[in-house]
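Engineer: With the sequence up front, the predicted model follows.
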Amino acid sequence: MALALASVAVAAAAPAKANAPALADQANAPVDATGPKVDIVVVGDSLSAASIAGSTSTVGEIDMKRSRVFTVNDALRQVPGVFARDEEGAGARPNIGIRGLNPIRSTKVLLLEDGIPLGYAPYGDNAAYYHPPIERFTGIEVLKGAAQVRFGPQTIGGVVNYITPDAPEDVMARFTGSYGNRDTLSLDGMVGGAALGGRLLLHVNHKQTDGNRDNQALRFTDIFLKGQWEFGADHAVTLKVSRFNEDSQVTYSGLTRAEFAADPRGNPFVNDDFQTERWNATLSHRWALGEGLTLKTAAYYHYFTRDWWRQSSNSGQRPNDASDPACGGMANLLTTCGNEGRLRDYDTWGAESRLAIDHALLGFGGETEIGVRYHEERQRRRQWNGDTPSARTPGTGVNAGVRENNERDARAFAAFIQSRIELGKLSIIPGLRGEFIDFARRNLPTDVLSGGRPSGAVTAATSARQSLDKVLPGIGATFDIAPAVTLYGGVHRGFAPPRVEDIITAAGGTADLDAELSWNWEAGIRGNVVKGVRADATFFVMNFENQIVAQSVAGGIGATLTSAGRTLHRGGELSLNVSSRDAGWSTGDTDVFARMAGTWVATARYNSTRIATAPCFDGATNGTNVATGSGPVPCAVARNVQGNRLPYSPEWLLSAALGVEHMGFTGQVEVVSQSSMFADDVNLIAQTPDGQRGRIDGWAQVNLAASYGPPQGKWEVFVSARNLFDKLFVIDRARGNLPGQPFMLQGGVTVRY
């Protein structure tokens with residue numbers, strides 16, 4: 001309580017008015033509307049979402065159950081505007097892009113869990129190398145538009161918030177087990193009830209699969225404990241503790257053009273190894289200060305460690321005599337070739353308070369939310385090059401030893417205010433956010449290890465600091481044009497800070513790399529078209545003053561980044577949800593349902609001068625200058641790519657499903673598709689020999705899911721099939737060709753108590 005008073009910040013305000021939701025919306029609502037929440041509310045149920053001046057989407061428990069989602073990508077593809085690109089086949093390293101933004105490692109998206117940052121370094125290194133199992137959550141919220149000023153530091157594309165279940169009051173237990181091809185196994189258990197003067201919930205999940213490629217063995221275990229206590233009518237506390245572990249055989253590298261043609265699901269790097277561990281603790285407190293005043297405070301700590309030992313980081317890096325004399329080429333990959341250990345440790349902690357004020361106290365409608373947050377994060381980064389394929393210590397070879405040894409820190413203070421002012425059917429929602437960030441980097445000597453042994457390579461110690469302050473305004477509005485139809489729109493300042501390594505160089509100097517800044521506009525309409533049919537349509541514009549891209553787009557997230565200058569995104573989103581039961585077309589025992597999420601990114605282009613060079617290969621000419629329509633353009637010629645389409649920005653995304661529920665049976669057929677996209681700024685059509693550049697063709701797949709359990713029963717059996725026709729397609733070329741999901745068949749059972 002003392003921390004809350006000192007922090008003075010804001011909680012999500014309850015709307016004063018809203019349209020009545022459909023029954024399906026109520027069932028899917030990820031936030032329990034029956035009582036006050038301790039956790040920070042991002043979207044809330046359909047009643048709260050109706051008052052937000054921006055596009056919102058929720059994927060509820062029913063949605064995920066009907067689709068039998070296996071990864072977070074399966075769930076997020078149900079949201080318009082979201083590009084969830086697969087990688088290894090388990091969703092452990094999600095690549096989420098919004099409205100045409102590059103999805104690599106979800107760097108341009110803010111990920112939250114119950115309103116608290118999920119990432120281990122959202123300010124200094126916002127790359128997702130970890131993701132909890134989707135089974136931990138009962139719902140997902142996606143927020144776009146001007147309402148993003150309530151959250152940060154990323155305020156460009158959108159906010160993805162994962163909702164954990166409330167601890168039950170009555171004793172309950174549930175177990176789900178499933179098995180499928182490609183050595184896929186999922187074991188999921190949950191138990192909870194009243195205990196220790198409150199309510200407790202324990203959730204344990206173990207998942208394993210070989211994923212999309214051969215010579216992969218992906219293994220994950222997640223333990224999550226949640227406790228909730230109420231102290232009278234005014235105080236409530238929630239404590240969450242979790243531990244995640246991954247022990248996987250997985251490489252970082254994709255395939256060259258020749259390797260993919262010979263074996264599209266092949267993986268020659270059988271000795272690569274990926275180990276992670278994450279601990280998290282979050283303590284939240286809600287204080288009802290009086291009529292119309294609520295203070296919520298949360299303190300959090302994350303620890304994340306990642307050791308990735310690999311023999312190749314991309315398809316252009318293959319063992320050869322020049323880089324590893326003891327190796328002698330791919331023929332000796334499993335014997336004398338060395339490896340690289342990319343070792344990372346992160347500590348992240350902070351505290352946030354939010355104060356909600358109901359305007360009824362002031363004599364008019366609406367509410368105001370005020371919040372502050374203090375946040376710190378520290379990275380410890382090392383690269384140890386070993387002498388053998390299975391080495392786990394620095395070697396003594398020409399390129400072995402300690403190649404990197406530094407610490408990177410980020411310290412941030414953030415504050416915001418957002419109000420909702422009701423003027424009859426019209427509501428105006430202005431907001432303002434401030435981000436004040438200090439970066440520091442200490443490049444430690446690499447001549448000795450922490451244990452004192454010589455490492456071989458020598459780098460002197462250097463250090464540097466930088467600061468970045470930004471004020472981010474936004475304003476939105478809603479207008480009720482009918483009892484169940486609302487117009488909404490707004491504009492806000494988009495912002496994303498650079499990584500520590502991008503603003504401070506390895507030599508301790510200052511990099512000429514600005515923060516990402518944009519003006520984001522959107523306008524939309526949502527509501528019930530007719531009874532039982534709900535729609536939401538949005539038009540958006542994101543106008544960047546400066547967008548950060550990889551200097552060599554094919555280099556992946558580890559590549560040197562550069563300021564690309566002005567870019568422009570324009571397009572539209574449409575979602576539809578249909579329920580025959582809500583419409584009164586069928587009885588309560590039967591529901592024919594359908595959903596659709598469509599995204600059209602009509603424009604995603606470089607909007608200012610940017611010079612790039614197309615590589616020469618096979619004696620061919622490559623690409624077309626989109627700005628002039630001329631082409632082909634000769635290779636190895638520097639040219640302005642202004643007007644070219646941004647990489648990894650497909651024009652069309654579609655997810656649609658049709659299903660039926662009847663007397664305990666549920667069946668659904670789903671179609672997911674994506675149009676073609678470019679893998680580089682030159683917009684090459686043909687694929688380069690290393691597989692890292694060239695157009696990626698569009699694709700579509702069909703998924704099926706079915707289940708049966710007696711109504712109000714204690715058991716349920718289910719089966720699902722993904723990529724039913726086993727279509728082969730490429731999903732990524734940033735590090736070489738990566739194949740998409742193969743045919744996946746799973747069956748399982750759920751038992752409840």
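Structural biologist: All right, it came through fine. Numbering: from 1, shown residues only.

Engineer: how about the longest strand seen in the chain: buried residues?
Structural biologist: If you go by DSSP state E, the chain has its longest strand at strand 401-423. Residues of strand 401-423 classed as buried: 401-412, 414-422 (neighbour count, 16 or more other C-beta atoms under 10 Å). For glycine as for every other residue, the C-beta is placed from the backbone atoms N, C-alpha and C.

Engineer: Give me the sheet partners of that strand and which way each runs.
Structural biologist: strand 366-386 (antiparallel), strand 426-443 (antiparallel) (DSSP bridges).

Engineer: State the mean pLDDT of that strand.
Structural biologist: The average pLDDT for strand 401-423 rounds to 94.

Engineer: does Arg342 count as helix, strand or coil?
Structural biologist: Of the three states, Arg342 takes strand under DSSP: H, G, I helix; E, B strand; the rest coil.

Engineer: what's the closest of the strands paired with strand 401-423 to Ser57?
Structural biologist: Closest to Ser57 of the strands paired with strand 401-423, according to C-beta to C-beta: strand 426-443, at 18.5 Å.

Engineer: Report the angle between the helix or strand just after that closest one and strand 426-443.
Structural biologist: The element immediately downstream of strand 426-443 (helix or strand, assigned by DSSP states H and E) is strand 462-482. With axes from the mean of the first three to the mean of the last three C-alpha atoms, to 10 degrees defining the directions, strand 462-482 sits at 170 degrees from strand 426-443.

Engineer: which intervals of the protein have sub-threshold pLDDT?
Structural biologist: In the predicted model of the chain, residues 1-36, 320-324, 446-460, 506-513, 549-563, 618-637 satisfy pLDDT under 70.

Engineer: one more time with 50
Structural biologist: Residues of the chain meeting the criterion pLDDT under 50: 1-35, 448-457, 552-558, 619-631.

Engineer: Show me the helices in it, by range?
Structural biologist: 2-7, 23-28, 46-49, 61-67, 72-76, 257-262, 500-503, 580-583 (DSSP state H).

Engineer: who does the third one touch, helix- and strand-wise?
Structural biologist: So that's helix 46-49. strand 56-59 (3 or more C-beta pairs under 8 Å, 6 or more residues apart in numbering; DSSP states H and E).

Engineer: now what about the strand it packs on, what contacts it?
Structural biologist: For strand 56-59, contacts defined as C-beta atoms under 8 Å, 6 or more residues apart in numbering pick out 28-30, 43, 46, 49, 75-76, 78-82, 139-144, 536, 575, 597.

Engineer: which residues does the closest residue to Phe151 other than its chain neighbours contact?
Structural biologist: Among residues not flanking Phe151 along the chain, Val159 sits closest, at 5.2 Å (C-beta to C-beta, 6 or more residues apart in numbering). Contact partners of Val159, counting by C-beta under 8 Å, 6+ apart, are 42, 109-110, 112, 141-144, 148, 151.

Engineer: Would you format the residues you listed as CSV with neighbour count included?
Structural biologist: Formatted as CSV, the contacts of Val159 follow (neighbours: other C-beta atoms under 10 Å):
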residue, neighbour count
Val42, 29
Val109, 25
Leu110, 26
Leu112, 21
Glu141, 24
Val142, 25
Leu143, 23
Lys144, 27
Gln148, 28
Phe151, 23
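
Engineer: Mark which of those are part of strands, please.
Structural biologist: 110, 112, 141-143.

Engineer: Pick the one among these closest to Val717.
Structural biologist: Of all those, Glu141 has the smallest distance to Val717: 30.2 Å, by C-beta to C-beta.

Engineer: you'd agree that closest one is up against Gly158?
Structural biologist: No. Judged on C-beta atoms under 8 Å, Glu141 makes no contact with Gly158 at a distance of 10.1 Å.

Engineer: From Leu283, how far out is Val372?
Structural biologist: 17 Å (C-beta to C-beta, to the nearest Å).

Engineer: quick one, which of those two is more surrounded?
Structural biologist: Val372 (20 against 16; other C-beta atoms under 10 Å).

Engineer: Surely that one and Ser353 touch.
Structural biologist: Yes. With contact defined as C-beta under 8 Å, Val372 and Ser353 form a contacting pair (6.0 Å).

Engineer: about what we covered before: who wins for proximity to Gln668 among the strands paired with strand 401-423?
Structural biologist: Comparing the strands paired with strand 401-423 by C-beta to C-beta, strand 426-443 comes nearest, at 36.5 Å.

Engineer: give me the number of residues near Gln275?
Structural biologist: 15.

Engineer: what's across from it in the sheet?
Structural biologist: Applying DSSP bridges, one finds that Gln275 bridges with Asp247, Asp307.

Engineer: Now do the contacts for it.
Structural biologist: 246-248, 306-308.

Engineer: go on, Met190?
Structural biologist: Met190 neighbours (C-beta under 8 Å, 6+ apart): 165, 172-175, 201-204.

Engineer: Tell me the one among the residues you listed nearest to Asn212.
Structural biologist: Val204 (25.9 Å).

Engineer: Might one say that that closest one is in contact with Ile223?
Structural biologist: Yes. Between Val204 and Ile223 a contact is recorded at 5.4 Å, counting by C-beta under 8 Å.

Engineer: what sits in contact with each of those two?
Structural biologist: Going by C-beta under 8 Å, 6+ apart, no residue sits against Val204 while also sitting against Ile223.

Engineer: quick one, what contacts Pro430?
Structural biologist: With the criterion set at C-beta under 8 Å, 6+ apart, Pro430 makes contact with 418-419, 421, 473-475.

Engineer: farthest pair in these?
Structural biologist: Going by C-beta to C-beta, the pair spanning the contacts of Pro430 furthest: Ile421 and Pro473, at 15.7 Å.

Engineer: Count the neighbours of Arg392 for me.
Structural biologist: 14.

Engineer: now Leu196
Structural biologist: Neighbour number of Leu196 under other C-beta under 10 Å is 8.

Engineer: my read: it touches Gln228, true?
Structural biologist: No. With contact defined as C-beta under 8 Å, Leu196 does not count as touching Gln228 (10.5 Å).

Engineer: Need the residues touching each of those two.
Structural biologist: Counting by C-beta under 8 Å, 6+ apart, nothing touches both Leu196 and Gln228.

Engineer: how about the strands in the stretch 251-400 of the chain?
Structural biologist: With DSSP state E, counting those that start in this stretch, the ranges of strands along the stretch 251-400 of the chain come out as 273-290, 293-310, 339-358, 366-386.

Engineer: ok now the third one, how far from the chain's centre?
Structural biologist: Going by C-alpha atoms, centre = their mean, to the nearest Å, the spacing between the C-alpha centre of strand 339-358 and its chain's C-alpha centre is 15 Å.

Engineer: Lovely, talk soon.
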